[in-house]
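In: Pasting the sequence and the predicted coordinates here, then a few questions.
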Number of protein chains: 2
Amino acid sequence: MEKKYLLTPGPTPVPEEIQAEMAKPIIHHRTPQYREIFSQANDKLKKIFKTERDILTFTSSGTGAMEASVVNTLSKGDKAIVVEGGKFGERFSEICRAYGVNVVPVDVEWGNAPDPAVIKGLLEKNKDAKAVFMNLCETSTGTVYDVKGIAEVVNKTDAILVVDAISGLGADDLKTDEWNVDVVAGGSQKGLMIPPGLAFLTLSDKAWAMAAKSDLPNYYFNIKKYRKNLEKSDVPYTPALTLTIGLNKALSIMESEGFDNFIRRHRQDAEFVRRSVENMGLDLFSKSPSYAVTAVKVPHGADGAALIKAMKAKGVTFAGGQASLKGKIFRIAHMGGIKRDDLEHALSLLKDVLNEMKVSQ
Amino acid sequence: MEKKYLLTPGPTPVPEEIQAEMAKPIIHHRTPQYREIFSQANDKLKKIFKTERDILTFTSSGTGAMEASVVNTLSKGDKAIVVEGGKFGERFSEICRAYGVNVVPVDVEWGNAPDPAVIKGLLEKNKDAKAVFMNLCETSTGTVYDVKGIAEVVNKTDAILVVDAISGLGADDLKTDEWNVDVVAGGSQKGLMIPPGLAFLTLSDKAWAMAAKSDLPNYYFNIKKYRKNLEKSDVPYTPALTLTIGLNKALSIMESEGFDNFIRRHRQDAEFVRRSVENMGLDLFSKSPSYAVTAVKVPHGADGAALIKAMKAKGVTFAGGQASLKGKIFRIAHMGGIKRDDLEHALSLLKDVLNEMKVSQ
């Protein structure tokens, strides 16, 4: 079978050794054997999140953890500041509104990162704001946000900072404890090298205190129940246990390389991709490019859909643009199980495709 | 490696060919290739649910689909009749209460099935009840409920009937369309032979009409969004796609055997298990035993935990009792990937264990 190159910002390729681990005979989740695996995975996951706190695991898409961050901390009628710089920032606003939380949107031009000073100003103007929601990497635009700078601003207020790190985790810089980030959400199918189906959430004491007073209704995503179960390395409802088994294996592989080495390697890959596309005469879309995924502008006069289709015909899957960016950008991921060789191969084919499309370079 | 016998009511063993299918190189979910797989799986799933309606797929535990059945159909302050004959009936009540729905509990002694006449009486007394919640198989007691009889009663009212078929699906009798069951929830890790992580929901026109007026807040489990996405064989959020790939394979295997043959075979297995334990002098716990799982009373004077532990030492995993039934019953599942050979082997070992424990038979 011809090798396929899946270079999308989730799912990312799953290394064969992880696939093999997940394909072993299934075990039951209420057993010492599974609890041990779950506990080991949690310990290693903390090194990626750079936190000493509990990390809760939900069986859901990343969006489930985003919803959990809203429905467990806020109350009806609360005000929340939401950075809207792409599709995933907007998702936070949608979730807030679905639960009767009032949104103060931070309108950021797609491809730009929000300025901490703007958040500071909004917090001063909205002293009753209970939370600030943002992404680490806005996947739809390949943009990394300044979590550190915004955390400094939010930490001086009574509001909590909630960060969707679903696509940035394991690639972009995130120091949960050091920067005092109140809530961080993660997902399984991006930097962590396993298939989609698990979502993660970790909360600061400040966020847990807010959770004690939150009145939004919830059940499946009730974080108090997950925290209680975590005491015995368990979850309240039957977990997607094969994915946790895969996660434990993936994290072991990352640990062998060294977590920091793993992250550094992907950064070098990101820089390689940026340099390569710029050398082809292409422009980066983002003003603040992420280490997880690079968004590239479709060159003037070229057909974005045709470019992606031509790459696909050569066995390489790039992601296109979403919503208003459809046809205007394409995105190359360089996180998780994506390797330098894969990127070199894909970029060499991209050059061919651009030539075939007679795009001036 | 010594073969292990996982005879719990979820997860059930996953056949090797399904494991192999899920271990193939991962693909992206927003592609014609994946949409085709998802669409094929959905078509076959309808044969198990015995429905022509859309079936929505969530990435979650079965509990997620139970929550979806509540938050999409009811409104705050609504009244719901909930059959509480075990742990999973009680879960419906917990979900309802979490969202401000008033519960009229139907107190059924654990191990018994609710009498349709009792539901009829409650519906007459509570003409404002908007829904009746029940299980097909109450997994915690191994009891199958009379969905057909209760559907006849509920169909004569304005209320909808919501059935948790998570553990019963593919084993116990369920004719969704023929019996006019308004809402049916299913899960992946029971009769369907794949690991946990997917949950299913199907709704009648009557239930969709109620959904149009429901005011309970929700986002991740919003069924309208899932239905809209289903039009293009898609889901709103990144799905646990390896599980869907496994599901499609599992359903193909079931289709080759014949869906009805598959179900019939498991019934014969259930009858074999019942007969065998009774021949050992043991008593069934349930007055209405399910075809999915058999609950057996721990014999007088025997230690239930020790019995399960002794079986485990021989490589066989039975489930114990939950909540008030802890130590009082053990449960043998005979659905999904569990085969007659496995059951014969386990029952022969059970005989040995009972002898070793010197339990009079």
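Out: Perfect, thanks for sending it. Fair warning: this is a prediction, and the values are worked out from it, not measured in the lab.

In: Let's test this: mean pLDDT of stretch A:335-353, rounded?
Out: For stretch A:335-353, mean pLDDT rounds to 96.

In: Can you tell me what sits against that stretch?
Out: In this structure, residues lying in contact with stretch A:335-353 by CB atoms under 8 Å, 6 or more residues apart in numbering or on different chains are A:5, A:7, A:9-10, A:12-15, A:167, A:170-171, A:189-193, A:265-266, A:268-269, A:272-273, A:276-277, A:280, A:291-293, A:307, A:310-311, A:314, A:316, A:318, A:332, A:334. Using the backbone N, CA and C atoms, a C-beta is placed for each residue, glycine as well.

In: and those near chain B, which?
Out: A:G10, A:T12, A:P13, A:V14, A:Q189 (CB under 8 Å from any CB of the partner chain).

In: which regions of the stretch 251-361 of chain A sit below the pLDDT cut-off?
Out: A:360-361 (pLDDT under 70).

In: Where does it get nearest to chain B, residue-wise?
Out: Closest to chain B within the stretch 251-361 of chain A is A:T317: 5.7 Å, counting by CB to the nearest CB.

In: Kindly report the same for the stretch 51-200 of chain A.
Out: A:G197 (3.2 Å).

In: Next: the stretch 201-350 of chain A.
Out: A:A240 (3.2 Å).

In: For A:R35, see how far away A:I55 is.
Out: Counting by CB to CB, to the nearest Å, the gap from A:I55 to A:R35 is 15 Å.

In: Between those two, point out the one with more neighbours.
Out: Ranked by neighbour count (other CB atoms under 10 Å in any protein chain shown), A:I55 and A:R35 place A:I55 first, with 21 against 14.

In: Do a quick rundown of the helices in the stretch 1-150 of chain A.
Out: A:16-22, A:32-49, A:62-71, A:87-98, A:116-125, A:147-154 (DSSP state H, counting those that start in this stretch).

In: Angles on the backbone of A:D78, please.
Out: When read as degrees, to the nearest 10, the backbone of A:D78 gives phi -60, psi 160.

In: dump the residue contacts of it.
Out: Counting by CB under 8 Å, 6+ apart, A:D78 has contacts A:V101, A:N102, A:K130, A:A131.

In: wait, the third one sits on A:K79?
Out: Translated: A:K130. Yes - using CB atoms under 8 Å, A:K130 is in contact with A:K79, at 6.3 Å.

In: on that earlier part again, buried ones only from the ones next to chain B among the contacts of stretch A:335-353, please, as a PyMOL command.
Out: Remark: buried members of these, expressed as a PyMOL selection using 16 or more other CB atoms under 10 Å in any protein chain shown:
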select buried, chain A and resi 10+12+13+14+189
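
In: Nearest to chain B among the ones next to chain B among the contacts of stretch A:335-353?
Out: For these, the nearest to chain B is A:V14 (5.0 Å; CB to the nearest CB).

In: And the pLDDT at the residue nearest to the closest one when sequence neighbours are not counted?
Out: Counting by CB to CB, 6 or more residues apart in numbering or on different chains, A:V14 lies nearest to B:I26, which is 5.0 Å off, once chain neighbours are set aside. On pLDDT, B:I26 comes in at 95.

In: measure B:I26 to A:P15 for me?
Out: Taking CB to CB, one finds B:I26 at 10 Å from A:P15.

In: what about those two, which has more around it?
Out: Remark: of B:I26 and A:P15, B:I26 carries more neighbours, 22 against 18, as counted by other CB under 10 Å.

In: Near A:D158, how many residues? Count them for me, please.
Out: 13.

In: how about the nearest residue to it, chain neighbours excluded?
Out: That would be A:K130: by CB to CB, 6+ apart, it lies 7.7 Å from A:D158.

In: and that neighbour, what does it touch?
Out: A:T73, A:L74, A:S75, A:D78, A:K79, A:A80, A:D158, A:A159, A:I160, A:M210.

In: is it true that the last one lies in a strand?
Out: No - the assignment for A:M210 by DSSP: H, G, I helix; E, B strand; the rest coil gives helix, which leaves it out of any strand.

In: tell me, how many neighbours does it end up with?
Out: Around A:M210 there are 23 residues (other CB under 10 Å).

In: I figured it was touching A:S75, is that so?
Out: No - taking contacts as CB under 8 Å, A:M210 lies outside contact range of A:S75: 9.0 Å.

In: Next, A:T294: secondary structure please.
Out: Assignment for A:T294 (three-state DSSP): strand.

In: Am I right that it is in contact with A:A319?
Out: No - the criterion here is CB under 8 Å, and A:T294 misses it with A:A319 at 10.7 Å.

In: Contact distance from chain B - what residues of the stretch 101-250 of chain A qualify?
Out: A:187, A:189, A:195-197, A:216-222, A:236-243.

In: buried residues in stretch A:40-51?
Out: Those would be A:Q40, A:A41, A:N42, A:K44, A:L45, A:K46, A:I48, A:F49, A:K50, A:T51, for stretch A:40-51 by 16+ other CB under 10 Å.

In: between the residues you listed, which is nearest chain B?
Out: Out of the buried residues of stretch A:40-51, the member with the shortest distance to chain B (by CB to the nearest CB) is A:A41, at 15.5 Å.

In: element containing the residue lying closest to that closest one once chain neighbours are set aside?
Out: Spatial nearest neighbour of A:A41, excluding adjacent residues (CB to CB, 6+ apart): A:N248 at 4.0 Å. A:N248 belongs to helix A:241-257 when elements are defined using DSSP states H and E.

In: Measure how far that helix is from the centre of its chain, please.
Out: Here the centre of mass of C-alpha atoms in helix A:241-257, compared against the chain's by CA atoms, centre = their mean, to the nearest Å, lies 17 Å away.

In: Lovely, talk soon.
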